[in-house]
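Q: make a model of this:
(one chain, ligands or ions: 1)
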Amino acid sequence: MTSLRIQGIGMTSQRTRDRLIARLKEEGIKSIAVLNAMRATPRHLFVDEALASRAYEDTALPIGHGQTISQPYIVARMTEALLEGGLLQRVLEVGTGSGYQTAVLARLVSEVFSVERIKALLLQAQGRFRDLGLRNIRAKYSDGTMGMPESAPFDGIMVTAAPEGIPLALVRQLAVGGRMVLPVGDRDMQVLVRVTRTEDGYEKEMLERVVFVPLLGGVV
Ligand code: SAH
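A: Alright, predicted model coming up:
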């Protein structure tokens with residue numbers, strides 16, 4: 001990919017990106033590290049070229065296969081919630097999708113593991129990581145409801161599709177003190193939850209109402 005395309009022009013320029021960052025601040029995102037990671041990540045490369053001019057609107061957009069790239073505010077909020085309380089080394093993301101959230105995380109933690117159940121989306125996302133020179137991402141084609149046991153434990157887990165309850169298989173793959181941020185609920189009513197792994201179980205905090213695509217089992 002040419003550096004010109006990565007840089008962007010007009011509706012995909014750095015100036016347009018900076019306006020989105022200003023808006024996220026107004027909406028209450030406080031972490032400078034998160035805002036900087038998002039400023040440095042060209043979201044227009046994570047959507048179809050036909051949608052590139054809308055990439056810096058604060059809205060979710062379709063990425064094909066009935067899936068969506070998350071709204072920037074939600075990416076910022078979830079990343080902030082995951083990082084609050086200390087730096088993280090190893091983070092698992094469930095639901096690579098476009099790879100945008102993965103790329104933002106990759107600028108903030110040492111190593112990102114990501115799993116996606118739709119092969120076509122995974123392959124596209126991997127191409128983007130290569131183009132952007134992001135080398136601390138290991139993305140894998142598999143059903144994320146099982147997590148990634150071979151690479152556990154993780155200091156952080158972020159789930160970007162909604163299960164109906166907290167998946168215990170994922171809680172078990174958190175190191176003690178580790179945190180997981182995920183939307184929980186059915187299609188009509190979901191809440192963003194932060195789970196902190198303790199010696200003998202976990203604690204949970206409710207953050208805010210959200211709307212995500214469902215976490216599905218199996219691979220396609
Ligand atoms: N972080 C992504 C969000 C994409 S939407 C982005 O910002 O682009 C959620 C993604 O989760 C979809 O790509 C969907 O295919 C994936 N997904 C749903 N259930 C899954 C599962 N069990 N395992 C892995 N990925 C899953």
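Q: interface residues of this protein facing the ligand?
A: The chain comes close to the ligand at residues 67-70, 94-95, 97-98, 100-101, 115-118, 121, 143-145, 160-161, 213, 215-217, as judged by C-beta under 6 Å from any ligand atom. For the C-beta atoms, the positions are set from N, CA and C on the backbone; glycine is no exception.
Q: among the residues you listed, which ones are in helices?
A: 100-101, 121 (DSSP state H).
Q: top of these by neighbour count?
A: Tyr100 (26 neighbours; other C-beta atoms under 10 Å).
Q: quick one, what contacts that one?
A: Going by C-beta atoms under 8 Å, 6 or more residues apart in numbering, Tyr100 touches 41, 43, 46, 69-70, 75.
Q: show me those that map onto strands.
A: Here DSSP state E is the test, and the contacts of Tyr100 give Ile69 as lying in strands.
Q: what's the longest strand in the chain?
A: The chain, longest strand under DSSP E: strand 174-185.
Q: contacts only, for the spatially most central residue of the chain.
A: Nearest to the geometric centre of the chain sits Gln101, at 3.0 Å (C-alpha atoms, centre = their mean). Neighbour list for Gln101: 70, 75, 78-79, 93, 158, 160 [criterion: C-beta under 8 Å, 6+ apart].
Q: kindly supply the PyMOL command isolating those of those that are buried.
A: Entered in PyMOL, the line below selects the buried ones among the contacts of Gln101, by 16 or more other C-beta atoms under 10 Å:
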select buried, resi 70+75+78+79+93+158+160
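Q: surely Leu134 and Ala106 touch.
A: Yes. Between Leu134 and Ala106 there is a contact at 4.7 Å, judged by C-beta atoms under 8 Å.
Q: just to revisit the earlier point, want to throw the contacts of Tyr100 into a markdown table with distance to Ser13 and pLDDT?
A: Converted to a markdown table, those look like this (distance: C-beta to C-beta, whole Å; pLDDT from 0 to 100):
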| residue | distance to Ser13 | pLDDT |
| --- | --- | --- |
| Thr41 | 14 | 96 |
| Arg43 | 12 | 97 |
| Phe46 | 16 | 98 |
| Ile69 | 19 | 97 |
| Ser70 | 22 | 96 |
| Val75 | 20 | 98 |
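Q: for the contacts of Tyr100, work out which two are farthest apart.
A: Thr41 and Ser70 (12.7 Å; C-beta to C-beta).
Q: which intervals of the chain have sub-threshold pLDDT?
A: 1 (pLDDT under 70).
Q: residue boundaries of the helices in it?
A: 3-7, 14-26, 32-39, 72-83, 100-106, 119-131, 168-172.
Q: separation between Glu203 and Met180?
A: According to C-beta to C-beta, to the nearest Å, Glu203 stands 11 Å off from Met180.
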